[in-house]
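Student: how does the following fold in three dimensions:
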Amino acid sequence: MKRLTACLMLALVAGCEDKQPKKTSPEVDVAGRLIDRDGEPLPRCGLRFQLDPPDNARVTTVFFTRDEGKFVGRCLPGQYRVTLLPSKDAKADGPKPQYWEVTVPEEGKKKLVLQAQ
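Tutor: Alright, predicted model coming up:
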């Protein structure tokens, strides 16, 4: 009787497992590097990704570059206007605000290289 009870309990617990598929986020991975016109990394800059045309649900996403000019984050697939936001301690001869047109596909984009002028 104890074995039967134990088997029924095990079957009940196994049957209660959540069988619904896990929801995935509509956002995809985006990663890359920001470099200057000489190919050198641009650290501590902001990159504002704004859907083009903008949508009302989520207007912008901002990524920040690390020491090697690398950035990583997540955003929705689509066409973006990416604006460079130089760091507040940027040199006078450093990069100026500028933008690029970027398409982020449904599978994401992990080797994006943005070159500042």
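
Student: okay, how far is it across stretch 47-61, tip to tip?
Tutor: End-to-end distance for stretch 47-61: 8 Å, by CA to CA, to the nearest Å.

Student: what sits up against that stretch?
Tutor: 30, 34, 62-65, 71, 73-76, 78-85, 101-102, 104, 114 (CB atoms under 8 Å, 6 or more residues apart in numbering). To be clear about C-beta, it is placed using only N, CA and C from the backbone, and glycine gets the same treatment.

Student: for ChimeraX, what selects the buried ones among those?
Tutor: A single ChimeraX command suffices to select whichever of these are buried according to 16 or more other CB atoms under 10 Å:
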select :30,34,63,65,71,75,76,78,80,81,82,83,84,102,104,114
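
Student: I'd say Leu42 and Val113 touch.
Tutor: No. Contact criterion CB atoms under 8 Å: Leu42 and Val113 do not qualify, at 11.4 Å.

Student: show the contacting residues for Glu107.
Tutor: Val28.

Student: which stretches of the chain form helices?
Tutor: 2-15 (DSSP state H).

Student: what residues are shared contacts of Leu42 and Val113?
Tutor: Common neighbours of Leu42 and Val113 (criterion: CB under 8 Å, 6+ apart): Ile35.

Student: shaky segments in the chain?
Tutor: 1-24, 57-59, 92 (pLDDT under 70).

Student: just the strands in it please.
Tutor: 28-35, 46-51, 60-64, 70-75, 78-85, 99-104, 109-115 (DSSP state E).

Student: Pro97 touches Ala90, doesn't it?
Tutor: No. Pro97 lies out of contact with Ala90 (CB under 8 Å); the separation is 10.3 Å.
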